[in-house]
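Student: Got a predicted model here, sequence first, then my questions.
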Amino acid sequence: MQLTVWTYEGPPHVGAMRVATGMTGLHYVLHAPQGDTYADLLFTMIERRGARPPVTYTTFQARDLGTDTAQLFQNAARDAYARFQPEAIIVGASCTAELIQDDPAGLAATMGLGCPVIPLELPSYSHKENWGAAETFYQIVRNLADTTRRAPARDGRRLRANLLGPTALGFRHRDDVIEVTRLLASLGIDVHLVAPMGSSPSAIAGIGEADFNVLMYPETGHEAARWLERTFGQKTVRTVPIGVGATREFLAEVAAVAGVALPEDGDSGRMPWWSRSVDSTYLTNKRVFIFGDATHAVAAARVASEELGFQVVGLGCYNREFARDIRTAAAKYGVEPLITDDYLAVEDAIAAAHPELVLGTQMERHIAKRLRIPCAVISAPVHVQDFPARHSPQMGFEGANVIFDTWVHPLVMGLEEHLLTMFRDDFEFSDAAGPSHLGAGHASPLPQAEGVGGPEREDVAAEPVVVADSTGWTADAEKELKKIPFFVRGKAKRNTEAYAAERGLTAITIETLYEAKAHHAR
């Protein structure tokens, strides 16, 4: 185990909670101490769900460890069944309860509850949240699917597909389901079942009646998809439609699997044109660092490189089960793959790569803010602002439009910031000037605290400049450095420091700055 202030994934029982929370008619009895009930907040506060997760905790305390904690679990399971009357129950233990070895699965099997009970073996000290979600979904499908119910003969009917992988607390899963459903409808294909999110135990029983499966999120649906292939002979569409190119490939794969005609290219959204427009040409070869779950990171790298013209300078993921996918993609872009769940290692890699845009999780948002680099979130884990009320998918052609807006706007707003910085000494745009939109005679200077405003304000608000190992910047040189646009300022600073170090200069003056500029321009 590792003591840390941040984790990309929770323990596997949180993955099981994501599956249970996305379903209806399923209840999760979790053998856990009182403190583990914090997980409820992930769904009610961050995802802003209107109901608590369908989870009953045994909530044993320290004083209970000297008594029969197994009896506590049995009582909790009976109470949960009597109160909620679920179609099925899953049972398991949290990482803390795992240590006391009460065997919730074995206990539940002997209780004779009036519904199917599915035991979960989720080793908390060797696996994490996404694996726990995948294993839970696999066990639910394996235990509840009726193997006698299969897809009927086609006989001119519309084909039907299962969408596998969406869960509660997933990054834009709700909206992605809508977009993928639209894509299938454009080929004349209906959705038979979305699972686990949106399904129920009784619906899972008929999962084999679909003609094929669409694996939307491999991290959570891969094992269930493999079992359905073996058991029902259902083919699986594995292309994840994130980006225009991937969406077109997704439609082609669906058409091939379903044996339907692929329609001529229709509306591919606005991203292809915008990414080639004059307004976007300044984005070409922008250095981008990408980190998240493997599915979203690999997809983001493709979109960044092939569709927006960015240069991928870093690529990594935190879920080791999919490290092979990241290594393959990293080799394609000529970068070293970063497979880690240590956010400090990610921060060091970002700082070393000197990107101009970071695409990552909520943690990379914080890292980029500290490093003063534009950032966009592309992957869980995320905070409340990345569960928008509006429709905001990542998949399909509409998802590509959303991606363009989300990734490009931080860079565009950065240009606006640069313009404000350029003119901050102008009488009309200084901090002491009143609102210019009020017109002459209405604008009045903003009130200033004593000792604040004018030239002194710049000293207070100035961004800190890191001093090199043995090379210091003079005040005039620092001021001149800040006049350089933010998106090339870091490179100019590094080049100047390297120039000074090569010549043994102990201080960097304005003259040194411009000499270095002339040297590197040759």
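Tutor: Perfect, I can see it now.
Student: what's the average pLDDT for stretch 320-333?
Tutor: Average pLDDT, stretch 320-333: 96.
Student: From the rest of the structure, what touches that stretch?
Tutor: Applying Cβ atoms under 8 Å, 6 or more residues apart in numbering, the external contacts of stretch 320-333 come out as 130-131, 218-219, 293-295, 297-298, 301-302, 305, 312, 315-317, 336-339, 341. Quick note: C-beta positions are derived from backbone N, CA and C, even for glycine.
Student: Which of those are buried, as a ChimeraX select command?
Tutor: Only the buried entries of the contacts of stretch 320-333 go into this ChimeraX selection, using 16 or more other Cβ atoms under 10 Å:
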select :130,131,218,219,293,294,295,297,298,301,302,305,312,315,316,317,337,338,339,341
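Student: low pLDDT regions in this protein?
Tutor: 1-4, 61-68, 97, 265-267, 274-276, 278-282, 412-471, 485-487 (pLDDT under 70).
Student: one step back: please flag which of the contacts of stretch 320-333 sit within strands.
Tutor: Val312, Leu315, Gly316, Cys317, Pro337, Leu338, Ile339 (DSSP state E).
Student: could you dump the residues you listed to TSV with distance to Ser202?
Tutor: Converted to TSV, those look like this (distance: Cβ to Cβ, whole Å):
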residue	distance to Ser202
Val312	45
Leu315	42
Gly316	41
Cys317	36
Pro337	43
Leu338	43
Ile339	40
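Student: farthest pair in the residues you listed?
Tutor: With Cβ to Cβ as the measure, no two of the ones in strands among the contacts of stretch 320-333 lie farther apart than Val312 and Ile339, at 15.9 Å.
Student: burial of Leu107, as a residue count?
Tutor: Applying other Cβ atoms under 10 Å, we find 19 residues neighbouring Leu107.
Student: That one against Phe73, yeah?
Tutor: Yes: using Cβ atoms under 8 Å, Leu107 is in contact with Phe73, at 5.8 Å.
Student: just the helices in the stretch 251-400 of the chain please.
Tutor: Ranges of helices within the stretch 251-400 of the chain are 271-276, 294-302, 323-333, 343-353, 362-371, 396-422, based on DSSP state H, counting those that start in this stretch.
Student: Give me whichever of those is most buried.
Tutor: Of the helices of the stretch 251-400 of the chain, the one with the most neighbours on average (mean count of other Cβ atoms under 10 Å) is helix 294-302, at a mean of 25.
Student: So what does Leu107 have for phi and psi?
Tutor: Main-chain torsions, Leu107, degrees, to the nearest 10: phi -60, psi -40.
Student: my bad, should have said Arg48
Tutor: Per degrees, to the nearest 10, the backbone of Arg48 is at phi 60, psi 40.
Student: can you tell me which residues contact the most centrally placed residue in the chain?
Tutor: In the chain, the centroid-proximal residue (Cα atoms, centre = their mean) is Ser379; its distance is 1.0 Å. The neighbourhood of Ser379, defined by Cβ under 8 Å, 6+ apart, consists of Phe171, Phe291, Gly292, Asp293, His296, Ala297, Ala300, Gly360, Thr361.
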